[in-house]
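A.B. asks: Provided below are the primary sequence and the corresponding predicted coordinates.
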Amino acid sequence: MVILDRISHYLNQILICIAGLFLIAMIFLTCANVFLRFVWIPVSGTFELMGYFGAVVTAFVLGYTQIRRGHIAVDIVVLRFSKRAQRILNAINNVICMVFFALAAWQISKYATNLWETGEVTETLQIIYYPFTYGVALGCAALSLVFLIDFLKLLMKKEGDEE
């Protein structure tokens with residue numbers, strides 16, 4: 001369990017660093033586009049690149065955000081339940097989310113493979129789609145791994161332990 005947790009943390013640290021680089025690229029691209037629009041002509045394909053970079057940033061930060069418990073949770077009703085009921089609901093939620101994001105990663109990977117085989121490219125810059133699509137699948141898979149680890153932690157936790 002400890003090894004799986006370390007792998008997940010290491011993987012999500014790498015993904016968050018890559019997401020940061022893509023975010024920096026988005027900032028520079030936006031600034032360059034605004035500046036060049038005033039003095040000459042805008043950067044060609046900015047809209048395409050911002051969309052793909054944004055998808056990568058969003059997908060790559062999912063697992064890290066879940067580790068940090070940064071996702072929005074509305075738990076007004078659940079907080080009124082007993083600790084045991086809360087643990088059971090959290091376990092069920094973790095399993096459902098894990099399965100959902102594993103299926104999403106699988107289906108997105110299938111779609112990326114289809115894009116790869118057909119040779120789809122973007123309209124303006126002629127950039128290949130599939131690396132970005134595989135990136136989104138990787139982000140979903142990393143999030144699914146975090147949910148698996150959270151589920152296993154709930155199973156291994158003793159009844160008297162605090163969360």
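C.D. replies: Received it, and whenever you're ready, just let me know what you need.

A.B. asks: which elements pack onto the longest helix anywhere in the chain?
C.D. replies: In terms of residue count, the longest helix belonging to the chain (DSSP state H) is helix 2-39. Where contact means 3 or more CB pairs under 8 Å, 6 or more residues apart in numbering; DSSP states H and E, helix 2-39 is packed against helix 46-60, helix 62-67, helix 130-156. All C-beta spots, glycine's among them, are computed from the backbone N, C-alpha and C.

A.B. asks: redo those helices as CSV? Include mean pLDDT and distance to Thr113.
C.D. replies: As requested, those are arranged in CSV below (pLDDT from 0 to 100; distance: least, CB to CB, whole Å):
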stretch, mean pLDDT, distance to Thr113
helix 46-60, 94, 17
helix 62-67, 94, 21
helix 130-156, 95, 7
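
A.B. asks: which among those helices is found nearest to Val2?
C.D. replies: helix 130-156 (10.3 Å; CB to CB).

A.B. asks: and the closest one, what does it pack against?
C.D. replies: helix 2-39, helix 46-60, helix 62-67, helix 83-118.

A.B. asks: which one of those is the most hemmed in?
C.D. replies: helix 62-67 (a mean of 22; mean count of other CB atoms under 10 Å).

A.B. asks: what lies in contact with that one?
C.D. replies: 8-9, 11-13, 15-16, 71, 101, 139-140, 142-143, 145-147, 150 (CB atoms under 8 Å, 6 or more residues apart in numbering).

A.B. asks: same thing with stretch 97-108?
C.D. replies: 62, 133-134, 136-138, 140-141, 143-144, 147-148, 151.

A.B. asks: hmm, which two among these are most spread apart?
C.D. replies: Thr133 and Phe151 (27.2 Å).

A.B. asks: pick out whichever of the two has more residues nearby.
C.D. replies: Thr133 (24 against 19; other CB atoms under 10 Å).

A.B. asks: so what's that one up against?
C.D. replies: Applying CB under 8 Å, 6+ apart, the residues near Thr133 are 108, 111-112, 115.
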